[in-house]
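[1] From the sequence below, what's the structure:
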Amino acid sequence: MGPNLRYRCPWCLRRGPSSRLVLDFVVGLRDASDRELPLLGGESLAFDFLGDGEMASGFRTPAHLTSPPGDDRLMVVRTVGVIEIIHLDGSTGRFLDMVELVKQDDEQGLLGLAFHPDYADLASREPVLTVPHDPEFGGHHNGGQILFGPDGYLWIAVGDGEAPQEAHIAQDTGDLRGSILRIRVNGMPLPAGYTVPLDNPFSNGPATSRPEVYMYGLRNPWRIAFDVGPDLLYIADVGENRREELNVVPRTAAGTNFGWDVLEGSYCRRTDCTVVMDTTVLPVMEYDHDVGAAIIGGYVYRGVRAPTLSGRFIFADFEGFIRSVKVEGGVAGDVQEHFPRGSLFQDSDNPGWITAFGEDRNGELYALLWGGRVFRFEAAPPPGAP
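    Okay, the predicted model is just below:
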């Protein structure tokens, strides 16, 4: 892919004793289209549009898509504070309206949604965990991904809040910002909130560290995803002005430091980074800002509609390309470009910037566009097919 590409709360809602819906306040990014474009290797991939034209313009500023356990409905999270439903027949509806509770501005808004494995329905809300971000810094770098891991715990990706460089927030395990948090909400009667798993790296100290912190040294993780088979965690971390990075580590790699804000990817931002380099896990892939501007993390594809993507991690960039990469043995390679940079923009009324990817209960992959459109990945029909 050229010389510049390197490889190497939340809120809790519930009905009944165990059903919980977890939401995250705080926004997004942006890019995609429904046209067919060539894949490297001579194959092609299509976005299959879900719903009718009216629906396409109704979901502006989406930040996330998911499905409840055992449910085929697609839930689209919008930063304005609402969650929309897409049914199998393409019809739509509203699942939840929290506009009055959400501040949506620039990178702020409703960013995440995680259904508890025993989720049943909505009823009430209780705050579980609050991570303060200093408004003086503009409300940026919130992260916002929340999901239940294969271990049953709630994982929360938090950005550094655009804290000033001299604060070293992301290197401070006594601060929840710039970190991946891991907490236990199962079986916790409200409003108790949560407990901390005993195998979290700082659960037994030191006293200067927060026990919720599981991994740290991140700037703005947008997004994180598990690949359950090999038990890996993928973290796409948005860089500042030099590098975009993809980190892939075992899910059990507690205490991992990804280097920000001493390092940006593998680039040293200090006069001497030797000490940090010895204790930092470097990204498996990074690219410069002459390639893109802000990485948008997706998923390792495990669906059936686009078999050529099987086992590959799908990601995008704010500036409008979609690529995939194969990660094996901690090494990233075979990067394929599915939609070139700049090919996906539509028009100012319906911009094609990708805000996020989504995954349904069957492992099928979706792309969410800033202008409000939702597309599903499918293999393109062979030439000449109707």
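[2] what about the helices in the stretch 51-200 of the chain?
    Secondary structure of the stretch 51-200 of the chain, counting by DSSP state H, counting those that start in this stretch: helices at 53-56.
[3] pLDDT below threshold where in it?
    51-58, 103-107, 120-125, 135-139, 163-166, 187-192 (pLDDT under 70).
[4] what ranges of the stretch 201-350 of the chain fall below the confidence cut-off?
    342-350.
[5] repeat that with 80
    The stretch 201-350 of the chain contains residues with pLDDT under 80 at 275, 319-320, 341-350.
[6] all helices of it, in order?
    274-279.
[7] ok, the residue nearest the centre of the chain to V99 distance?
    In the chain, the residue lying closest to the centroid (Cα atoms, centre = their mean) is R223, at 2.0 Å. According to Cβ to Cβ, to the nearest Å, R223 and V99 sit 23 Å apart. No exception for glycine: its C-beta is placed from N, CA and C like everyone else's.
[8] since we're on V304, how many residues are nearby?
    12 (other Cβ atoms under 10 Å).
[9] From R361, how far out is it?
    For V304 relative to R361 (Cβ to Cβ), the value is 13 Å.
[10] Is the residue nearest to the centre of the chain in contact with A157, as I believe?
    Yes: between R223 and A157 there is a contact under Cβ atoms under 8 Å: 6.9 Å.
[11] list the residues that contact both of these two?
    Shared contacts of R223 and A157, defined by Cβ atoms under 8 Å, 6 or more residues apart in numbering, are found at Q145.
[12] Surely D231 and V248 touch.
    No: taking contacts as Cβ under 8 Å, D231 lies outside contact range of V248: 11.4 Å.
[13] Need the nearest residue in space to R312, chain neighbours excluded.
    Distances taken as Cβ to Cβ, 6 or more residues apart in numbering put S324 closest to R312, at 4.1 Å, once the chain neighbours are dropped.
[14] could you measure the one you found against R243, distance?
    In terms of Cβ to Cβ, S324 sits 19 Å off from R243.
[15] show me the contacts for P150.
    Per Cβ under 8 Å, 6+ apart, neighbours of P150: F226, V228, D231, R251.
[16] So which of D231 and V248 has more stuff around it?
    V248 (23 against 13).
[17] ok, F357 - contacts?
    L65, R223, I296, G297, G298, Y299, I314, A316, L365, Y366, A367, L368.
[18] what is the residue nearest to the third one when sequence neighbours are not counted paired to in the beta sheet?
    Counting by Cβ to Cβ, 6+ apart, I296 lies nearest to A316, which is 4.2 Å off, once chain neighbours are set aside. Beta-bridge partners for A316, by DSSP bridges, are I296, I322.
[19] Check the contact between A316 and I354; I expect there is one.
    Yes: under the criterion of Cβ under 8 Å, A316 makes contact with I354 at 4.6 Å.
[20] What about the residue nearest to I296, how many residues nearby?
    A316, neighbours per other Cβ under 10 Å, totals 30.
[21] how close does N142 sit to D288?
    24 Å.
[22] Could you check which of the two has the larger neighbour count?
    Neighbours were counted for N142 and for D288 using other Cβ under 10 Å; N142 has more, 28 against 17.
[23] wait, doesn't that one sit right on L111?
    Yes: with contact defined as Cβ under 8 Å, N142 reaches L111; the gap is 6.4 Å.
[24] Give the burial count for E162, as a bare number.
    20.
[25] what do you get for T308?
    That count, for T308 with other Cβ under 10 Å as the rule, works out to 16.
[26] my read: it touches F377, true?
    No: under the criterion of Cβ under 8 Å, T308 makes no contact with F377, lying 10.2 Å away.
[27] coming back round to it: is there a quick ChimeraX command that grabs whichever of the contacts of P150 are buried?
    In ChimeraX, a selection of the buried entries from the contacts of P150 looks like this (16 or more other Cβ atoms under 10 Å):
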select :226,251
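[28] Format the contacts of P150 as a markdown table; extra columns: distance to T92.
    Shown next, in a markdown table, are the contacts of P150 (distance: Cβ to Cβ, whole Å):
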| residue | distance to T92 |
| --- | --- |
| F226 | 28 |
| V228 | 30 |
| D231 | 36 |
| R251 | 35 |
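[29] Which of the contacts of P150 sits closest to F339?
    Nearest to F339 among the contacts of P150, counting by Cβ to Cβ, is F226 at 24.9 Å.
[30] For the nearest residue to L365 once chain neighbours are set aside, name its beta-bridge partners.
    What sits nearest to L365 in space, not counting adjacent residues and going by Cβ to Cβ, 6+ apart, is F377, at 4.4 Å. Counting by DSSP bridges, F377 forms beta bridges with F47.
[31] thinking F377 is in contact with R302, fair?
    No: F377 is not in contact with R302 according to Cβ under 8 Å; the separation is 11.9 Å.
[32] of those two, who's got more company?
    Comparing F377 with R302 by other Cβ under 10 Å, the one with more neighbours is F377, at 23 against 16.
[33] how much space between the more buried one and I314?
    8 Å.
[34] show me what contacts R323?
    So, once contact is read as Cβ under 8 Å, 6+ apart, R323 ends up touching M1, I314, F315, A316, V335, Q336, E337, H338.
[35] What's the local residue count around D72?
    Using other Cβ under 10 Å: D72 sits among 12 other residues.
[36] Kindly apply the preceding question to E378 instead.
    Count around E378 with other Cβ under 10 Å applied: 16.
[37] Confirm for me that it is in contact with A306.
    Yes: E378 lies in contact with A306 (Cβ under 8 Å); the separation is 5.8 Å.
[38] three-state assignment of the nearest residue to F59 once chain neighbours are set aside?
    Spatial nearest neighbour of F59, chain neighbours left out: G372 (4.1 Å); criterion: Cβ to Cβ, 6+ apart. Look at G372: counting by DSSP: H, G, I helix; E, B strand; the rest coil, its state is coil.
[39] For R78, see how far away G372 is.
    9 Å.
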